[in-house]
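Pasting the sequence and the predicted coordinates here, then a few questions.
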Amino acid sequence: MLLTGDIGGTKTVLALFKEGGGAEFEHQPLREAVFPSGDFDSLETIIETFLADFVGTLSGASFGIAGPVVENRVEVTNLPWVIDAKAITTRFGVETKLLNDLEAIANAVPHLQADDVMVLHPGDPEPHGAIAVIAPGTGLGEAFLVWTGDRYEAYPSEGGHAAFAPITPQQSNLLAYWQKRLDHVSYERLCSGMGIPNIYQYLRESEAFDEPEWLREQLAKAADPTPIIVQTAVSTSHDIAICARTLDLFMEILGTEAANLALKVLATGGVYIGGGIPPRILPQLQASRFMALFQRKGRFSDLMARMPVHVIRNPNAALLGTAYEALRTSTQP
């Protein structure tokens with residue numbers, strides 16, 4: 001069995017995949033469970049709970065974690081945890097590899113099937129061209145893959161923390177608003193689950209968008225206002241301009257930053273958009289200015305038009321990516 005995990009500040013998802021022959025495993029987890037991360041003092045405690053009645057043999061383990069991994073060790077950004085692969089190996093007797101969470105998703109990309117993705121733009125991919133991966137979830141993750149001669153190798157990035165660069169007057173005003181309140185306005189601050197309320201706040205306070213009383217009350221009670229803003233924006237039963245414009249601005253910024261990443265890694269093999277938000281707004285992405293802004297790169301617009309763009313729909317992409325890494329770790333001499 002391969003033990004895998006997708007570790008975030010809010011939740012930790014653990015799964016067991018059944019290893020097959022050679023470099024294969026069953027793509028549906030044999031067992032999967034979700035744990036509230038904040039209820040536990042360490043990843044080891046969650047693993048112990050998950051494996052309490054497990055009677056099989058672990059052949060490999062790998063975990064995708066939201067944070068920079070250095071020497072197979074990571075201090076989790078939004079949790080008081082330090083995760084050390086050596087400590088997990090010692091405690092559970094299985095060789096363990098830690099990955100950045102976007103590196104984990106990138107690992108899965110070469111193995112995704114047709115029903116795991118939705119094509120936003122088919123493009124004209126170059127065989128074995130580099131691939132860019134960008135994922136707005138709670139934060140904004142970025143990674144990329146390059147061809148090594150016999151397979152794709154995934155590499156992590158912290159590009160979501162690069163400084164936000166506006167491309168419209170409204171985005172310039174948005175940046176100016178947040179520069180007065182933050183030392184560093186990154187793309188993550190505006191193009192993620194944590195960024196959507198920041199866009200909303202700017203529109204409410206600086207552009208005088210109306211906020212209905214019922215919506216104000218719901219947002220005030222919510223631990224996380226993002227799902228309410230997004231759901232209101234996509235709902236056919238409401239016509240709330242502030243929510244609709246918030247989502248539009250989010251998608252415009254995402255289109256621009258996805259193109260920035262694609263240019264930086266020369267993603268002629270395509271761009272894959274992951275994270276928890278894009279699968280929930282597929283019709284809106286298709287109807288928005290996302291692709292127009294993705295391709296609006298001046299002298300490089302023709303190059304951008306040739307790059308395929310996909311949305312990852314499989315919610316287990318990170319788990320699949322860590323399973324591939326666990327399998328590779330377990331079969332290495």
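Looks like it came in fine. Residues are numbered from 1 along each chain as shown.

Report the residue ranges of every domain in the protein.
2-112+314-331, 159-312 (automatic domain parsing).

Show me the helices in the stretch 1-150 of the chain, by range?
Assigned by DSSP state H, counting those that start in this stretch, the stretch 1-150 of the chain shows helices spanning 43-50, 85-92, 101-108.

any chance of those in a markdown table, plus mean neighbour count?
C-beta coordinates here come from the backbone N, C-alpha and C atoms, glycine included. Converted to a markdown table, the helices of the stretch 1-150 of the chain look like this (neighbours: other Cβ atoms under 10 Å):
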| stretch | mean neighbour count |
| --- | --- |
| helix 43-50 | 18 |
| helix 85-92 | 15 |
| helix 101-108 | 29 |
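
Make a markdown table out of these and add mean pLDDT and distance to Glu211.
Output for those, formatted as a markdown table (pLDDT from 0 to 100; distance: least, Cβ to Cβ, whole Å):
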| stretch | mean pLDDT | distance to Glu211 |
| --- | --- | --- |
| helix 43-50 | 97 | 39 |
| helix 85-92 | 96 | 47 |
| helix 101-108 | 95 | 33 |
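
quick one, which of these is nearest to Ala61?
Among the helices of the stretch 1-150 of the chain, the nearest to Ala61 by Cβ to Cβ is helix 85-92 (6.7 Å).

Which elements pack onto the closest one?
helix 43-50, strand 60-65, strand 96-100 (3 or more Cβ pairs under 8 Å, 6 or more residues apart in numbering; DSSP states H and E).

what distance separates it from the middle of the whole chain?
Its chain's average C-alpha position is 27 Å from that of helix 85-92, according to Cα atoms, centre = their mean, to the nearest Å.

And stretch 189-204, by the same measure?
Using Cα atoms, centre = their mean, the mean C-alpha position of stretch 189-204 is found 17 Å from that of the whole chain.

Columns distance to Lys264 on top of the helices of the stretch 1-150 of the chain, output as TSV?
Converted to TSV, the helices of the stretch 1-150 of the chain look like this (distance: least, Cβ to Cβ, whole Å):
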stretch	distance to Lys264
helix 43-50	32
helix 85-92	29
helix 101-108	15
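
just so I know, which of those helices lies nearest His27?
helix 101-108 (9.8 Å).

Touching that closest one from outside, list them.
With Cβ atoms under 8 Å, 6 or more residues apart in numbering as the contact definition, helix 101-108 has outside contacts at 6-8, 62, 64-67, 69, 99, 131, 133, 135, 141-145, 154-157, 272, 274, 312, 314, 317-322, 324-325.

Quick one: buried ones out of those?
For the contacts of helix 101-108, burial is judged from neighbour counts taken by 16 or more other Cβ atoms under 10 Å, and it is met by 6-8, 62, 64-67, 69, 99, 131, 133, 135, 141-145, 154, 156-157, 272, 274, 312, 314, 317-322, 324-325.

Would you mind pulling the contact partners of stretch 259-271?
Looking at stretch 259-271 with Cβ under 8 Å, 6+ apart, the contacting residues turn out to be 123, 125-134, 142, 144-147, 157, 159, 165, 258, 293-297, 300, 303-304, 306-310.

Those, buried ones only, as a ChimeraX selection?
Those of these that count as buried under 16+ other Cβ under 10 Å are selected in ChimeraX with:
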select :123,126,129,130,131,132,133,134,142,144,145,147,157,159,258,293,294,295,297,304,307,308,309,310
